Every structure is written in structure tokens, then in C-alpha cells.
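A.B. asks: Would you be able to build a 3D model of this:
(one chain, ligands or ions: 2)
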Amino acid sequence: MDLDTLNPSQRRAVERTEGPVLILAGAGSGKTRVLTTRIAHLIDKGVQPANILAITFTNKAANEMRERVEQVVESDTKDMWISTFHSCCVRILRKDINRIGYNRSFVIYDAADQVTLVKDCLKELNLSDKVYEPKTVISYISGAKDKLKSPKQYKDDCAGDPRMSQIADIYALYQDRLKRNSALDFDDLIIKTVELFKKNPEVLDYYRSRFRYIMVDEYQDTSMAQYEFIKQLAMGHKNICVVGDDDQSIYGWRGADIRNILEFEKDYDDVFVVKLEQNYRSTQVILDAANKVISNNIERKRKKLWSEKTSGEKIKIELAENELEEGRFIADTIYSKVSSGERKYSDFAVLYRANAQARPIEDALNRAGLPYNIFGGTKFYERKEIKDLVAYLRVIANPQDDISLKRIINVPRRGIGLRTIEKIEDRASLRQESMYSVLIDIDSNSDVSTKARAKLNGFVDMIGTLRAIKEAYPVSKLIEKVLDSTGYVYELEEEMKKHQNSMNGKYEEAQDRIDNLNEFISIAVEFENSDDENFPEKDLETFLTSVALTSEVSEDEEPDKISLMTMHTSKGLEFPVVFLSGMEEGLFPISRAIKSLKDSDIEEERRLCYVGITRAREELFMTMTERRTLYGKTNHAIQSRFIEELPEECVEKLYRNKRELTYTKSSYNMLDKYTKKYMDSMNKGSVAKKINATNRNENIEAEPEDIKLGSKVYHPKFGKGTVVSVVGSDVTIAFDNQGIKKINKEYTTLDIVK
Ligand SMILES: Nc1ncnc2c1ncn2[C@@H]1O[C@H](COP(=O)(O)OP(=O)(O)OP(=O)(O)O)[C@@H](O)[C@H]1O
Ligand SMILES: [Mg+2]
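C.D. replies: Ligands and ions are numbered 1, 2, ... in the order given. The predicted structure follows:
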């Protein structure tokens, strides 16, 4: 294997195979490449592939990493685990979750199932879903889980706050219902594994001795629960290598804790730290822009990044009239570069902040006849017919799943009314059993009419028959059986016949649904034929797992297509030409971050911008509109502050000759108060801006240990000051113009004033 292609720092990180290693480096510096090479190097040295565990951020990244390793090593790598946190934990749980009282054929609930379940819990607790908005409740529950807080601990923490303590009760019931349904949500996949390891040291021991070498990519975005999981596994041998970039931490809202990466050095002794400074991805222009934008963040470790690709085209900025014109600009640009032979479609990526922005871009690409793939769109799996079919499959795999059972018990309509369903539900909760158990001996239930009982028995028989054949049939055949014996396709065909001659769109709609169901059968066939090591078994449970875990990613990966995705999804990827669309205040940075008035929220948006910019290898476009219609509302758009932050010499404004962006008094008056405040601060020149104007080059960057009582320091936002106290990492500084502030020196880069 060829280590010569690596630079000396990269090489050191590859060769240091024993003990804890931390690679902290900026975008495009070869972190992922180091991990891949390190795996190959370990195998070369004679380490068994089965002893290796590598965690990546997406399934796509996992597959790429595996392919690259397979290209360079000769041994069979089938037993090596390269996967996401979620897939890795599912594999562990499928084997042993029964030890903590769950059924091994558990189902995985997605966001929509979670909402349904929370609504059920609210009903049971007599709470209004207006007061306790399900999505809000779920985000609290998820936050608690990410911090590994049980319902009881959460309740204790919330004592004295009636609303939060009520949410703790919902959380408790929610967990209880999940368990009764033999279901896990995404957060559970991690925390139940942590619990399994805690309660069953022999299981942990098995995995500790199995995974002798652990590697984690994109470590800056691991949540506390994921962090704990890795720590459990690694604490024995401590052969753990993590790579990350604090400037790319973009999942704060999901419980990811940037401090994990900064504190790695404290948790493991004798950490071998590697910094990589050469960027191999982007031109210097792109890097300058990225470095300049991110330098506006206060909470970060300062880094230098340089590239050998010195030249490079300027960043082009387009101002379009509205989102349709923006889409057209993107389509036109791509079309002209492809038709001139300069580029191919797969060289391009169009990134956006919110999924809803994709539609006008898609429209424009469709109109121009340009091929594209959407990544991260859950659209297909969110369709009603697909969710119905998946619900059937889940009930067949695990009849305890009440949420799925309720979804399909009367779909297609078979005369089972809401009243009957409620009675069954009541009885189930009285007997503390699943609805299916109640259905099995429905004849002993005199509340339900004879007629209804007959229908319910028919349903139970059908499910029973499908359950009986599930082992004997490959999944794709089983699906055909389901579609057939439930009458699902029959109903759609009838619908088509009924509307054959009408123009109301119902005919096409039914046809579309049948097409989608057939497409789902092809997904099952693909699953049966694939040799994806993350899903070694080919049974129904594994298929459902693969659907739950991969539904974020588009399956269709034709070679030459434009990629469309959110900025979040683009992490870790690279493209020759990148468009960052919707560069507008309120969209990017997103209004939630602006309104919270917390610097840390804007900083997270800025890190996302840094991720977006650094995806580009050669050319970068940024687009914005004057007016945008989104979520049904039309608004004046204001250029994003991130565009203001770009170095002027790196930018070319394509709209310069058309019209400069100006705001009239009336358009200003239409802005919301937050945007006005931002505009005002830009016009007047905020304090921060003035202070930044002092020449930084006069100062020298301080290591945390250089900061002592009496030191004269320079802070990028607050300016010059004098240290008046140091307690651990907390430094109190009296600033010349900004009063006294307390700052954590580990998370902020200060300069010493000469
Ligand atoms: N030593 C090297 N010589 C030549 N090319 C390299 C070298 N190291 C990395 N590269 C290339 O640079 C690009 C960026 O590398 P990689 O994706 O590993 O960076 P990264 O640090 O993981 O970036 P990100 O932070 O965006 O995930 C890749 O195309 C990779 O093949
Ligand atoms: Mg990477």
C-alpha cells in the first residue's frame, strides 16, 4: 500500500495505530482520506478486518470508504464494520436487545410515527396537542435522550417547572408505549445500545475484544449519547482515532456537542494530536473566502489552511428577481458549461438551506431537460401508499406495533369503524397488551358486535397467513403477496377504472401510486441482490431496518447527474462546481437563528456556510433573489450577511451591470424587526466591525497557557483588554471598550498584544 501519496502529518496519523489519536483539521485537508488509508494500513499490518470498526456520517460515506479500502487490500473485508452510528447499533441490538426486555424483531419509528405516538400519549393524558405541540414535545424528548436522561431523571431536573414536568410525564408514557409496541425511535438506537452495554458487561466485553481498532469520522457532530457509546467500546484498548473539524460542527440543535472533540484530549490520556494544514480540495480563492467567513466566529480554535492550487476563479454572485429566475440562472449556467464540453453534469452540486427551496430549482432543471439526483429527500418514503405498505410489513414482522396496526387495520376500507378500533384500543390498554393480542381473541369481547368481529377475524386471519409465509418467501415476493391479499392494488385499479374518462387527475394519481408500489418492489429486489455488509441477512426485519436507515438517501445513483441536496447533507463531499442558493437573511442564516439573538446560533449557521463553501473544488456560485416566495409567502429578500463577510477581492458580482442591490424606504419598512436591526447595524457599522479594523497582525496568537493574570490580550470581537482573573479555563478580562467579560480560553482564540 502506498503511503507515499500522503504528506508527513497524514502519514504520522496513519502509522500511529496504537493508542488514542485526534486529528483536528480544516475542510478538505484529507481527514477522511487518512482514515481510509489507516484502515488499509492496519489490514496490511495483519490486523483482522473483523477487528476494525469505522463510523461514518452517512451510509453513502460508509459505502465509499469500504470501496476504497477494498481497492487497495487483498484480504476479504466482509467482516469489517464500516457504518453509521445507527446501523452499527441496530446490528448490536438485533442480536441482544432481548437482554434489556425488548423484542429482537423491533421496528424503527420515523418522525411521522413519533408524532402519531405522541398524539396518542397526549390523548391518554388528557392533554391538548395545541398546548403540547407534538413536534415540540418530540424535540424535548430527543434532547433528553441525547443527554442520556431517563424519564425519571428528566422529571427530577424539571422539578418546579410545571410545563416541563408535564413533558417529562409524556416522555415516560412515550417510552412505555414504544416498548409495548416493540418499537425504537432513532435516538433509542443509540441509548438502548449504551444501556445494553451498561447492564450486560459480557456483551460489552465481546464487542470490546472484537473491535480492537475504532475510527470515527466527522467526530465534531457526535452527540453525547454517541460519544458515550464510543467511549464504552474504546475504554479497554484505547485504540481509537477520531477526526473532525470544530468549524464544521452543524448539528448543535440535534444534540451534537462540539465540546466532545475539544475535550477528547482530557478523556483519554496521551492523545497523539495531528493537525493538517494543507488543503487538497479547493483553490486558494475558495479557501480565502471560507477562512474569512469563519473568522467571524468567536468560539473556535483558529486554524490555518493553505492550498497549492494558487490561482482560481472568483466566486460569482448572482442576484435574481425571484426564485424561478434563480433556478433558471442555475440551469442556464450548467447547460452552457456542459454543452461547451467544459464540464459534465456530475461535476455540479446545488446546495440549499431548506428542503423547500429545491422545488423551483427542480422545475428549472426539468424544463431545461437536465438530469439530477436529489439526496436527502424523504419524499418517496413519505408517500401514503409506501407508508401503508411499510406498515403492513411491520405488522407482519412485529404484530405488537400498534401504531402501524392502526394505520392499516381499515386500509383499504374493510368496514372496520373508528368506534370498533377505539374499543380495541381501550381494551388493550386495560389489559396492558398490544391491540393485536386483543384481536386474536376478539370472540371473547362482547363489546364488539358480531358483524364487526367477523371483519376483525378476517383481518387477523390475513395477517396470520402472511406471518406464516414470511420466512418462506423472499421479501419482494412477500410484498407482492401483501399487495394482493390485502386488496390494496385492486382498490387502486378500481379507482383507475372509475376515473378512466375523467380529467380530474384521479386516474393518474392511482396510476402513480401503483407505479410507486412497483418501485418499492424493485427496492426489495435490489436489497435481496446487494451484498451490503451492513445488512447481511436477507429477511424481512433486516429489510425494514435498511428502509428505515437509508430512506434519507436517494437510491438511484446514475453516474452523470447534477446533485441537489441541503448544505447539511453535503458534509464530507466535494464537487468541482458548487452553487450555494438562497443566500438571504432569514433563509441563510435561517430566521430561527436570527430571532434567538444568541451569537451561538448564528455561529452554527456560519459553520454551515463554511461547510457549503468548502465543498467546492474549482468554482463557486452564490445566488440570491430580490423577492422570494417560500411556504406560500412572498417577501423582500436581503442579501445574507455571509456574502458581506466574503473578502472583496475574491468576489465577482454578475449582476453589477444590471442593477446594484438597493433598498428603498418602502422595502425597508416591510422587513421584520430582526432584519431591520441587522440592516441598521450594517449601515452604521457595528462595534464589532470597528474593533475588527484594528490590525490583527500586530498581535501574536496565544496558546491557552500563555494567558495569565495581567496579560494584555486581543479578542476578535471585544477588542483589547487585560486579564483580571484566571480560574481553570475561565478567564475574566476587562476590555477597554466592552466592560468585563468571562471567557473560556479553551474555546476562544485570543492574541497576546505586543
Ligand atoms: N496527500 C494528498 N495528496 C493528494 N490529494 C489528497 C491528499 N490528501 C487528501 N487529498 C484529496 O483531497 C480531497 C479532500 O480530502 P478528504 O475528503 O479526505 O478531506 P476531509 O478533511 O475529510 O474534508 P472534509 O472536512 O470536507 O470532510 C480528496 O479529493 C482527497 O483525495
Ligand atoms: Mg471528510
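
A.B. asks: excluding its backbone neighbours, what's nearest Lys712?
C.D. replies: Take Lys712 and drop its neighbours on the chain: the residue closest to it by CB to CB, 6 or more residues apart in numbering is Val753, 4.3 Å away. Where C-beta positions appear, they are placed from N, C-alpha and C, glycine not excepted.

A.B. asks: Phe718 versus that neighbour, what's the distance?
C.D. replies: 13 Å (CB to CB, to the nearest Å).

A.B. asks: which one of the two has more residues nearby?
C.D. replies: When neighbours are counted by other CB atoms under 10 Å, Val753 and Phe718 differ, and Phe718 comes out ahead with 21 against 16.

A.B. asks: give the contact list for the more buried one.
C.D. replies: Ile691, Ile733, Phe735, Asn737, Gln738, Lys741 (CB atoms under 8 Å, 6 or more residues apart in numbering).

A.B. asks: chain center to the helix or strand containing the last one, what's the gap?
C.D. replies: Following DSSP states H and E, the helix or strand that holds Lys741 is strand 739-744. On the basis of CA atoms, centre = their mean, to the nearest Å, strand 739-744 is displaced by 34 Å from the centre of the chain it belongs to.

A.B. asks: pLDDT, distance to Glu362 and neighbour count added to the contacts of Phe718, as TSV?
C.D. replies: Formatted as TSV, the contacts of Phe718 follow (pLDDT from 0 to 100; distance: CB to CB, whole Å; neighbours: other CB atoms under 10 Å):
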residue	pLDDT	distance to Glu362	neighbour count
Ile691	34	44	19
Ile733	91	50	25
Phe735	89	50	19
Asn737	84	50	11
Gln738	82	47	17
Lys741	86	47	14
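
A.B. asks: ok, of those, which one's closest to ligand 1?
C.D. replies: Ranked by distance to ligand 1 (CB to the nearest ligand atom), the contacts of Phe718 are led by Ile691 at 30.1 Å.

A.B. asks: OK, now which residue of the stretch 501-650 of the chain is nearest to ligand 1?
C.D. replies: In the stretch 501-650 of the chain, the residue that lies nearest ligand 1 is Gly572 (4.2 Å; CB to the nearest ligand atom).

A.B. asks: Retrieve the pLDDT associated with the residue nearest to Lys712.
C.D. replies: Each residue has a pLDDT score; the one for Val753 is 81.

A.B. asks: Quick check: it vs ligand 2, distance?
C.D. replies: Here the criterion is CB to the ion, to the nearest Å. By it, Val753 lies 36 Å from ligand 2.

A.B. asks: show me what contacts Val69?
C.D. replies: Taking CB under 8 Å, 6+ apart, one finds Thr36, Ile39, Ala40, Ile43, Thr77, Met80, Ile82 in contact with Val69.

A.B. asks: quick one: contacts for Met215?
C.D. replies: Neighbours of Met215 in contact, by CB under 8 Å, 6+ apart: Leu35, Arg38, Ile39, Ile52, Leu53, Ala54, Ile55, Ile240, Cys241, Val242, Val243.

A.B. asks: can you tell me how far it sits from ligand 1?
C.D. replies: Noted for Met215: a distance of 12 Å to ligand 1, by CB to the nearest ligand atom, to the nearest Å.
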